[in-house]
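S.K.: Fold the following, please.
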Amino acid sequence: MKHTLSTKLFGLLTLSALALGSAQAFASDTAKDKAEAEKTVNGAVTVLKNFAADPNMTWYREHVVKAKAVLIIPTLVKAGFIFGGSGGTGVVLARDEKTNTWNGPSFATAGSVSWGLQAGGSAAEVVMMAMTDKGKDALLSNKFQAGADASVAAGPVGAGAQAATTDIVQFTRSKGLFGGLSLEGSVIAVRDSLNTAYYGKTASPVDILISGSVKNPQANTLVKQLTAGAGK
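M.R.: Numbers count the residues shown, from 1 in each chain. Presented below is the predicted three-dimensional model:
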C-alpha cells in the first residue's frame, strides 16, 4: 500500500514538474516573441523615416499615403554561395479608405530560396505598397507568393505607367554585392506567434487590419509616421 502511494505521489510530482517546465518554456517563448515584435515595429518606424529623407524616394513619398496596404521589412537579408536565399520579418498595415486611417500592424515573414553561382550578401530595408485591391488582398492574406498571387514591380523604376497596372510596388534601400533585392517569388506568411505576443491574445489579420478590433498603443508612433507619408 505504501509502495502504491509513493508511486502515485512520484507520478503526481513528475507531472507537476513537467507542467511547470512547459509553462516556463511557454512564458519564455512569449517573451521572446514580444521582444521580436516590438523590435520589428521600432525598426519599421526607422525605415519610414529613412525613406522619407531619401531624395531618391520621391514617388514613394507622393504615393505611400494613397496605398491600400503596406508591408515594411526593416531588414531583409540575402546571402549565399551556390545556394542562396532571402528572408526577414516585417509588419503589414492596411488603410481604411472610408476614414483614411491605418490599422495594424500584423506581423509577417518573407522568405525565398534560390540556386545559382553567387557569393557575398546584403541587407535591405523594404517597403511594399499595395496599390490595387488585389495587392491589398494578397498582403492581408495568411500566405501569398509575390509575383504569382499579385504582380510586383520595383520602384522607382517600376513607378509611372507600369505602377498604374501593378498590384504591389516594391521599394528597397540596400547595400552589398547583390545590389537591389527583390521579393519576386518570395512567400510571405503571417507570423501568428508575434501577433499573439504583441496584442496579448490571439489576433488574426482580419481582426487587426480589417475590423481594427485589436489595438496596441505602442504602434501609435508607427501609424503616425506612416500617416505623415513624407515625414513632414
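
S.K.: so which strand or helix has Thr196?
M.R.: For Thr196, the element it lies in under DSSP states H and E is helix 192-199.

S.K.: Summarise which helices and strands that helix is packed against.
M.R.: helix 2-53, strand 101-115 (3 or more C-beta pairs under 8 Å, 6 or more residues apart in numbering; DSSP states H and E). From N, CA and C alone the C-beta is placed, and that goes for glycine too.

S.K.: after that helix comes which helix or strand?
M.R.: Sequence-wise, the next helix or strand downstream of helix 192-199 (DSSP H and E) is helix 205.

S.K.: Skip ahead from that next one and say which helix or strand is next.
M.R.: Taking DSSP H and E, what comes next after helix 205 is helix 220-228.

S.K.: Same question for that next one: list its buried residues.
M.R.: 222-223, 225-226 (16 or more other C-beta atoms under 10 Å).

S.K.: So which residues make contact with it?
M.R.: 41, 44-45, 48-49, 52, 64-65, 70, 91, 93, 101-102, 104-105, 231 (C-beta atoms under 8 Å, 6 or more residues apart in numbering).

S.K.: just stretch 192-206 next, same as before
M.R.: 29-31, 33-34, 36-38, 40-41, 89, 92, 105-107, 140-142, 190, 208, 214-216.

S.K.: Let me know the average pLDDT across it.
M.R.: Across stretch 192-206, pLDDT averages out at 93.

S.K.: could you dump that stretch to PDB, C-alpha only?
M.R.: What follows is stretch 192-206, C-alpha atoms only, in PDB (Å, rounded to 0.1, in the frame of the first residue of the first chain):
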ATOM      1  CA  ASP A 192       0.700  34.300 -35.700                       C
ATOM      2  CA  SER A 193       3.000  33.900 -32.700                       C
ATOM      3  CA  LEU A 194       4.200  37.600 -32.900                       C
ATOM      4  CA  ASN A 195       0.600  38.800 -33.400                       C
ATOM      5  CA  THR A 196      -0.400  36.900 -30.200                       C
ATOM      6  CA  ALA A 197       2.600  38.200 -28.200                       C
ATOM      7  CA  TYR A 198       2.200  41.800 -29.400                       C
ATOM      8  CA  TYR A 199      -1.500  42.100 -28.700                       C
ATOM      9  CA  GLY A 200      -1.700  39.800 -25.700                       C
ATOM     10  CA  LYS A 201      -4.300  37.500 -27.200                       C
ATOM     11  CA  THR A 202      -5.000  35.500 -30.400                       C
ATOM     12  CA  ALA A 203      -5.400  38.000 -33.200                       C
ATOM     13  CA  SER A 204      -5.900  37.300 -36.900                       C
ATOM     14  CA  PRO A 205      -5.000  39.700 -39.700                       C
ATOM     15  CA  VAL A 206      -8.800  40.300 -40.200                       C
END
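
S.K.: Ala123 contacts Pro74, doesn't it?
M.R.: No. The criterion here is C-beta atoms under 8 Å, and Ala123 misses it with Pro74 at 9.5 Å.

S.K.: More neighbours: these two, which one.
M.R.: Counted by other C-beta atoms under 10 Å, Ala123 and Pro74 do not tie: Pro74 has more neighbours, with 23 against 19.

S.K.: quick one: low-confidence ranges for this structure?
M.R.: 1-28, 78-86, 112-122, 147-149, 156-165, 175-185, 230-232 (pLDDT under 70).
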